[in-house]
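Q: just a sequence and a predicted model for now, questions to come.
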Amino acid sequence: MSSTGETPQSTKRGGVVGLGSMGFGMAQSLLRAGIDVAGCDVGPEAVARFVAQGGRGGASPAEVAQGADMVVSVVVNAAQTEAILFGPEGVAQTLPEGAVFISCATMDPDVARTLAARLEATGRLYLDAPISGGAQRAAEGALTILASGSPEAFARARPALDAMAAKLYTLGDAAGAGAAFKMINQLLAGVHIAAACEAMAFAARQGLDLKKVYEVITASAGNSWMFENRMPHVLSGDYSPKSAVDIFVKDLGIVQDMARSAKFPVPVSAAALQMFLAASASGMGRDDDASVARLYAQITGTKLPGV
């Protein structure tokens, strides 16, 4: 800030829509990079917390987009992204021409292309930029971002991307490619979580020491990032949501829709989807996605920590 309290002309202005576990950390990363950031969220307590951290609060997406060079949207799905863009208090009403909307939601690539075309027709830029890495990496500015869009969108978004990402993949010059890469990642992530939960519950049924199972598998060929990251939740019996079951109900559902349209068989991810659906139907939809292990335990009468 200048000595008069006004924002210097060289300071970039940004907005963040969605101050949840990921969005809050991303907004903090933008602040640390010297960007003047306004944030909004459906929960006023999240906005108040962000203001206490040095950000500006906004009552709506339209308000945080006013005068912004870039707006980062960190919401769950395509429907929420569309509402943020084109709803009654949407970004498209106030975002300056030539500014960029950075969409981080996981969605069908065709939907990403449609949203981009609609926004770009108004003279604004759209960057398809799904994220990976979790809340801690978001807070550290160390996300992986899978981005696609025009060179102009990348150039305008660069200050935000540099602030938020440890790894930035430039995956194409049009929206949709980033979304497609993210869906391949989600296919694997969902399958790996379901497989890890199955394996850990099966180990419990065999009467094995689960802590020793974790130690052995994480040092062996059967390990995966998801096994290593999620199975501590099973060991501790703590299923407070870091990534909820219903996220993979959504994401593996998108994989199925994409595969059906392409007439491409994806039986392994279809089986994983059924396990997430069953966990959700059992009342665990908002719990941590490692809850698939609890589902196996319930079905089979197997004892797991805390269950």
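A: The structure has been received and is ready for your questions.
Q: return the residues in contact with the closest residue to D246 other than its chain neighbours.
A: Excluding its sequence neighbours, the residue lying closest to D246 (CB to CB, 6 or more residues apart in numbering) is G285, at 4.3 Å. Heads up, the C-betas are built off the backbone N, CA and C, glycines and all. Neighbouring residues of G285 by CB atoms under 8 Å, 6 or more residues apart in numbering: A244, V245, D246, V249, A279.
Q: what's the closest of those residues to E198?
A: Relative to E198, the closest of those is A279; by CB to CB it sits at 12.0 Å.
Q: which of the three states applies to the closest one?
A: With DSSP: H, G, I helix; E, B strand; the rest coil as the basis, A279 sits in helix.
Q: tell me how many other residues crowd the residue nearest to R294 when sequence neighbours are not counted.
A: Take R294 and drop its neighbours on the chain: the residue closest to it by CB to CB, 6+ apart is V307, 5.4 Å away. Residues lying near V307 (other CB atoms under 10 Å) number 15.
Q: which ones are touching V307?
A: Here V307 is in contact with G237, R294, A297, Q298 (CB under 8 Å, 6+ apart).
Q: and of these, the nearest to S29?
A: If you rank these by distance to S29 using CB to CB, G237 comes first, at 32.2 Å.
Q: quick check: the closest one touching L304?
A: Yes. Between G237 and L304 there is a contact at 7.0 Å, judged by CB atoms under 8 Å.
Q: the more surrounded of those two?
A: Under the criterion of other CB under 10 Å, the comparison of G237 against L304 puts L304 first, with 20 against 11.
Q: now that one: how far from F202?
A: Using CB to CB, to the nearest Å, L304 is found at 11 Å from F202.
Q: can you check T218 too?
A: 17 Å.
Q: that older thread, got a quick PyMOL command for the buried subset of the contacts of G285?
A: A single PyMOL command selects the buried members of those (16 or more other CB atoms under 10 Å):
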select buried, resi 244+245+246+249+279
